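Chemist: after the sequence you'll find the predicted model.
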Amino acid sequence: MTLETVLVVAAALFGLGVYGALSQQSFVMLVMGLELMINGAILALGAFWSRSAGGNPQGQMLAVVFMTVMAVEMSLGFALITNVYRVRRADITEKLRRLKG
Amino acid sequence: MNGLLTDAIFWVFAIGSVITAFRVFRTDSMMRAAFYLLASFAGVGGILVLLGAEFLGMVLILMMAGEMLIMAIVMVMFMMNPAGLNPMWMVHQHRIAVAAGLVSFFALASVPFLVDFPDRPALRPEEATAELGTELLGDSMLVFQTAGVALLSTMVGAIAIANRNGRFGEAEDGSQEPAAEPGTESRP
């Protein structure tokens, strides 16, 4: 478990997240792709904290901020999904061709 | 802990995490996709614990468990075919997405081999949780508080967005497509 191996795993998670966020039509699956990207970022941050930054507590602080971003992103995403479904009956991205309803 | 054992556990978590992350986009059931994503997060949480960030790993697993349950409920409420009784293959621009994923993987995976990062391992990982607590309520308290206020405003904003009655009337008002000709019925 070296810095390199953990970073390669984090890169794999991030790449899968990019694939998911770009390819999925369903809004919820798209949000899952975004979550996977942040997952990879948190793993990379943990690796740097533990193997390269001497266990500096501010590194963990940054990871807490990442988790906050994840929670904000997901709750606002679901609020938008709820609203879009109510107003347009849309649950996939192809049904939203215009911003203005 | 024995170095070889730690490595073995790390690879189990790492490979499990990547495989479940891949399965998220390959399963027919959105419900299962949520739980695969939870498994992927649990793997990352385990790796964080192995790296010495016990608090972060556990918080990640706890947070994601709650988040995935919410996600599963949202799917059952809104999405077609949440149980995976029919095959599901809902993708667009698939080749571009695969290419973008591969490019970002290889670009990011090459970074640790091309860049010489400082080799300063954590000296006392057993005290990491105590250090994080002191940091949270000490020097970084403003950051911590800001994160809390951001979460609070997100809650308010999410309720305002998702609420049926906004400040200017019902959500449906004014959101129907206007009629092409004046005087005719608007399309639903």
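Modeler: Perfect, I can see it now.
Chemist: state which helix of chain A is the longest.
Modeler: Ordering each helix of chain A by length in residues (DSSP state H) puts helix A:57-88 first.
Chemist: name the helices or strands packed onto that one?
Modeler: Applying 3 or more Cβ pairs under 8 Å, 6 or more residues apart in numbering or on different chains; DSSP states H and E, we find helix A:57-88 packed against helix A:27-51, helix B:54-78, helix B:128-136, helix B:141-162. Placement of C-beta: from N, CA and C, glycine included.
Chemist: so which of those is the most packed in?
Modeler: Mean neighbours per residue, mean count of other Cβ atoms under 10 Å in any protein chain shown, is largest over those for helix A:27-51, with a mean of 24.
Chemist: buried stuff in the helix or strand hosting residue B:8?
Modeler: Here residue B:8 sits within helix B:3-24, counting by DSSP states H and E. For helix B:3-24, the buried set under the neighbour-count rule, 16 or more other Cβ atoms under 10 Å in any protein chain shown, comprises B:9, B:10, B:13, B:14, B:17, B:18, B:20, B:21, B:22, B:23, B:24.
Chemist: show the contacting residues for the nearest residue to the fifth one once chain neighbours are set aside.
Modeler: What it means is residue B:17. Nearest non-adjacent residue to residue B:17, counting by Cβ to Cβ, 6 or more residues apart in numbering or on different chains: residue B:43, 2.9 Å away. Contacts for residue B:43 (Cβ atoms under 8 Å, 6 or more residues apart in numbering or on different chains) come out as B:13, B:14, B:16, B:17, B:20.
Chemist: where does chain A have low pLDDT?
Modeler: Residue ranges of chain A with pLDDT under 70: A:99-101.
Chemist: rerun at 80
Modeler: Along chain A, the parts satisfying pLDDT under 80 run over A:55, A:86-92, A:96-101.
Chemist: residue A:97: what secondary structure?
Modeler: The three-state assignment at residue A:97 reads coil, by DSSP: H, G, I helix; E, B strand; the rest coil.
Chemist: give me the phi and psi for it.
Modeler: Main-chain dihedrals, residue A:97, degrees, to the nearest 10: phi -90, psi -20.
Chemist: burial measure for it, as a count.
Modeler: For residue A:97, the count of nearby residues is 7 (other Cβ atoms under 10 Å in any protein chain shown).
Chemist: tell me who's in contact with the residue nearest to residue B:7 when sequence neighbours are not counted.
Modeler: In space, and not counting its chain neighbours, residue B:7 is closest to residue A:1: 5.5 Å by Cβ to Cβ, 6+ apart. Going by Cβ under 8 Å, 6+ apart, residue A:1 touches B:6, B:7, B:10, B:50, B:51.
Chemist: how does it look with 10 Å?
Modeler: Applying Cβ atoms under 10 Å, 6 or more residues apart in numbering or on different chains, we find residue A:1 in contact with A:9, A:47, A:50-51, B:3, B:6-11, B:13-14, B:47, B:50-51.
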